[in-house]
Every structure is written in structure tokens, then in C-alpha cells.
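Asker: A predicted structure for the sequence below; I have some questions about it.
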Amino acid sequence: MATLTHLDKSGAANMVDVSGKAATKRVARAEGKVVTAPETVALIRAGDARKGDVLGTARLAGIMAAKRAHELIPLCHPLLLTKIAVDCRLDDALPGVRVEAEVSVTGQTGVEMEALTAVSVACLTLYDMVKAADRSMRIEGIRLLAKSGGRSGDYEARD
């Protein structure tokens, strides 16, 4: 089993050496949700948020965040991502917004952190865009849904 973090003699952590791994296609999907008041869903749907296009801005923020995960998370490898898709959709039953991200790369390490970062930042952006209208919002359920590729094999979350 691979060690996730290596310590040098001083006890300092180092990035995992992935140079011996084969470059394979790796895909990760993550999800999260922002639970709001029903009136907030209506506000977003109508396009009446004071800060503008809530869903479009959150989607763009998620994409940008996935590209910068290595700058935010210590020991996370910088990757040349080949796909980032972020979907933000209103859900009256929640009520709120469901966010899903899919990230892929052909490389030597996975993209789970990039997918989770995309969802996290998209949810935070949604919160920021409408916080003046709804202070009781909650960000919930950020998790990895699935991953494929790499030596550890495939994973799919069970509900």
C-alpha cells in the first residue's frame, strides 16, 4: 500500500512521488448542495439577485477553483486538467441548489481534490451571491461521488 505522505528526517511532509506511476485517464465526480429558503430559490430563478447571475457565476468559480486546487491544498500536485464541468441546478424540493463537478486528466495522480474543490468553491460562491437575501443558508453534503483510473481502482459512493 502506498504511503500518502512522506516525512523527511526533520519530520517535514513532502509531496508523494508519482514519477513511477503510469499516466492513465482519471476522472472524479463530486457533489454538494446549498440549502436555502424557498424564496431564495425563486430569487435565483427570476434572476433578481443583486450581484447578478448566481448560477453562472458559481459555475465559473468552481471551474476556476479546480484549476487552482494545488495552490490551496498543501502537497496537492499541479495537474494539466483536460475537463472541468460544473453543474449548478435549482431544486425546489431541497429547497436550494445542487452542485456537481466532474474533472478529468490523463496523468499520474487522481483528480478527486480538484472535483471537491470545484464543488466547495461553487457552493461558497452561491452563498456569497445571495447571502444578503438569506442568512440561514447551509452548505451540506460535499462528497466524492465517484472516481476512476489509477492504481487504486474505481470508487462509487453508496447513498
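Answerer: Alright, I've got the coordinates. Quick caveat, the model's predicted, so the values are computed rather than measured.
Asker: so where's the chain shaky on pLDDT?
Answerer: 1-12 (pLDDT under 70).
Asker: thought residue 13 was touching residue 76?
Answerer: No. Contact criterion CB atoms under 8 Å: residue 13 and residue 76 do not qualify, at 11.9 Å. C-beta: built from backbone N, CA, C; applies to glycine.
Asker: looking at the two, which is more packed in?
Answerer: residue 76 (17 against 12; other CB atoms under 10 Å).
Asker: quick one, phi psi at the more buried one?
Answerer: The phi/psi pair for residue 76 (degrees, to the nearest 10) reads phi -90, psi 130.
Asker: distance of the residue lying closest to it once chain neighbours are set aside from residue 114?
Answerer: In this structure, residue 76 finds its nearest non-sequential neighbour in residue 70, 4.6 Å apart by CB to CB, 6 or more residues apart in numbering. From residue 70 across to residue 114, the span is 8 Å (CB to CB, to the nearest Å).
Asker: over to residue 89?
Answerer: From residue 89 to residue 114 the distance is 21 Å (CB to CB).
Asker: pretty sure residue 145 is in a helix, no?
Answerer: No. Counting by DSSP: H, G, I helix; E, B strand; the rest coil, residue 145 falls outside a helix, being strand.
Asker: that one: how many residues sit nearby?
Answerer: 17.
Asker: how about the contacts made by it?
Answerer: Contact analysis of residue 145 by CB atoms under 8 Å, 6 or more residues apart in numbering lists 29, 30, 31, 100, 156, 157.
Asker: again, only this time at 6 Å
Answerer: 29, 30, 31, 157 (CB atoms under 6 Å, 6 or more residues apart in numbering).
Asker: just give me the closest of those residues to residue 23.
Answerer: Residue 23 lies nearest to residue 29 out of the contacts of residue 145, by CB to CB, at 20.5 Å.
Asker: SS state for that closest one?
Answerer: strand.
Asker: residues touching it, list them.
Answerer: 102, 145, 146 are the contacts of residue 29 under CB under 6 Å, 6+ apart.
Asker: tell me how far the closest residue to the second one other than its chain neighbours lies from residue 52.
Answerer: The shortest distance from residue 145 to any non-neighbouring residue, by CB to CB, 6+ apart, is to residue 29 (4.3 Å). The span separating residue 29 from residue 52 equals 28 Å under the rule CB to CB.
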